[in-house]
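Visitor: fold the following and give me the result.
(one chain, ligands or ions: 1)
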Amino acid sequence: DTIALQHGAHRTGNRTDADMARWRSLRFGQFIHWGLYAIPGGEWNGKTYNGAAEWIRSWKEMPHEEYDKLYRQFNPVNFNPQQWAAQAKSMGAKYMIITTKHHDGFCLWPSKYSKYTIAATPWKKDLLGPMIDAYNKAGIDVHLYFSIIDWNHPDYRASLKNAADSAAGKRFQLFVKNQLAELLQRYPTIKGFWFDGTWDDSWKNDGAFSDELEQYLQSLHPGLVMGSRLRADEKGARHFDSNGRLMGDYEQGWERKLPATIEDVHGNDWEAVMTVPENQWGYHAKWTGHVKTVNEILEMLVKSVSLNGNFVLNFGPKADGTFRTEEQQLAAGIGQWMKVNGEAVYNGTYAGFEKQDWGYYIRKAGTDSVYMVVFNIPVSGSLRVKLPARTELTGASMLLGNTTLTPEWIGRNEYFLHLPGKTTDSPVVILLKTVTGENKDKGNF
Ligand SMILES: C[C@@H]1N[C@@H](c2cn(-c3ccccc3)nn2)[C@H](O)[C@@H]1O
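Guide: Model (predicted):
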């Protein structure tokens, strides 16, 4: 039996409106973490910070007052939003999430509720407006990342210990509400908010406020898409309320990790956000450890779509507004594959077929078109295609070169597809034509 909740999930099941259907169809996004942290880029006084670059202010070797002065030298003279948008478009991203304000509290727009903004820098001008315009002109939706945690704001409290804290907390909540309304008013074409920094007690223990805030934002901008990380219920439960129901419009907990199976997503819309190195969101001059390759990222993207989710790849521009070579090369390599095979990603959904070792099935939403995306060609070179009962395979073709493959029927609902070769430099996409009806041998087994 369920617990009576005032501020838990207000809906069971996924949103079915057009704005959510659009978000769901896009499948592939670009995250951009850009701010003052790009100036030190993970290094300070000849020492290298081993944490995430955008967290350098919390490093013991970085005095807060030193970090808080960095805005005086933020001047992205090489910032070219049209180039940023063109790169994202050629990569095949259909939406972009930009950090309006990260935990450090620095605003990339000239907010009238804060002095700690782009207006106080040598650059002076709004960065968000030109970015949003350029991306929208390139046919890419924009969502706004907003951190509730704000290390710069005098009224921010991680926890409320006394009446003074509670008064500060109230002022801070009004500040958050004002900034979010300001962002919606300044940038009416944005499609959603991506909230972060909502794990402190001060936020977790005021589920009513987070609920009212979500409803307020929806009232200002009907159709807004907001993930599960904003809300807490009145018992402090986050993402899933105390009855286990997802709050918000999609599960937003998949940060630097992916679900393993369809059961892990519990039928909810969800999105994974991923870094190129193990754990760097903002620009870090010295990437150490494993840097993901094009094919590794393509497998994460395809796996996410095959499990009914979106996949967002993070970029960390430099302080001057340019992207590092590794990120430029990844965008180009991903884009090359997406140009030929993107149709298997966009509008992709869980196919409802049993997972096979060679890779992933993806169904084009609401159709009989099922794609196989092959990452592991067996030594035999033959791909076993197991379909649901009473589903017949009537044809198959590789997208690359539009090569027809002739299925070899094994019996019942199983077929072999023989690939022309056993090696490939990129994932192989095969479009299956299926009909659901009777299997040839109508055998019972
Ligand atoms: C989307 C990503 N979320 C931010 C983050 C993650 N974390 C964090 C904090 C404690 C444990 C695990 C992760 N803190 N901040 C990162 O800085 C980046 O913005």
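Visitor: name the nearest residue to Thr117, ignoring sequence neighbours.
Guide: Residue nearest to Thr117 in three dimensions, not counting chain neighbours: Cys107, with 3.9 Å by CB to CB, 6 or more residues apart in numbering. C-beta coordinates here come from the backbone N, C-alpha and C atoms, glycine included.
Visitor: quick one, phi/psi of that neighbour?
Guide: phi -100, psi 130 (degrees, to the nearest 10).
Visitor: same deal with the one 10 residues further on?
Guide: With angles defined as degrees, to the nearest 10, Thr117 sits at phi -140, psi 180.
Visitor: which residues touch whichever residue of the chain sits closest to the ligand?
Guide: Nearest to the ligand in the chain, going by CB to the nearest ligand atom, is Trp281, at a distance of 4.2 Å. Residues in contact with Trp281, defined by CB atoms under 8 Å, 6 or more residues apart in numbering, are Phe31, His33, Ala52, Ala53, Glu54, Thr275, Asn314, Gly316.
Visitor: tell me which element the first one is part of?
Guide: Going back to what we said before, that points to Phe31. strand 28-32 (DSSP states H and E).
Visitor: who's in contact with the helix or strand just after that strand?
Guide: Sequence-wise, the next helix or strand downstream of strand 28-32 (DSSP H and E) is strand 43-44. Residues from elsewhere that reach strand 43-44 (CB under 8 Å, 6+ apart): Tyr49, Ile56, Trp59, Glu61, Met62, Glu66, Ala285, Lys286.
Visitor: in its sheet, what does strand 43-44 sit against?
Guide: Sheet pairing here is set by DSSP bridges, and for strand 43-44 it gives strand 47-48 (antiparallel).
Visitor: can you report phi and psi for the spatially most central residue of the chain?
Guide: With distances taken as CA atoms, centre = their mean, Val312 lies nearest the centre of the chain, 3.3 Å away. When quoted as degrees, to the nearest 10, the phi and psi of Val312 stand at phi -120, psi 120.
Visitor: ok, it - contacts?
Guide: Contacts of Val312 by CB under 8 Å, 6+ apart are Phe28, Gly29, Gln30, Phe31, Tyr95, Ile97, Glu271, Ala272, Val273, Met274.
Visitor: ok, now which ones touch the residue nearest to Thr117?
Guide: Neighbour list for Cys107: Thr100, Lys101, Ser114, Tyr116, Thr117, Ile118, Gln179 [criterion: CB under 8 Å, 6+ apart].
Visitor: ok so, going back, what's the closest non-adjacent residue to the residue of the chain closest to the ligand?
Guide: His33 (4.1 Å).
Visitor: neighbours of the one you found, how many?
Guide: 23 (other CB atoms under 10 Å).
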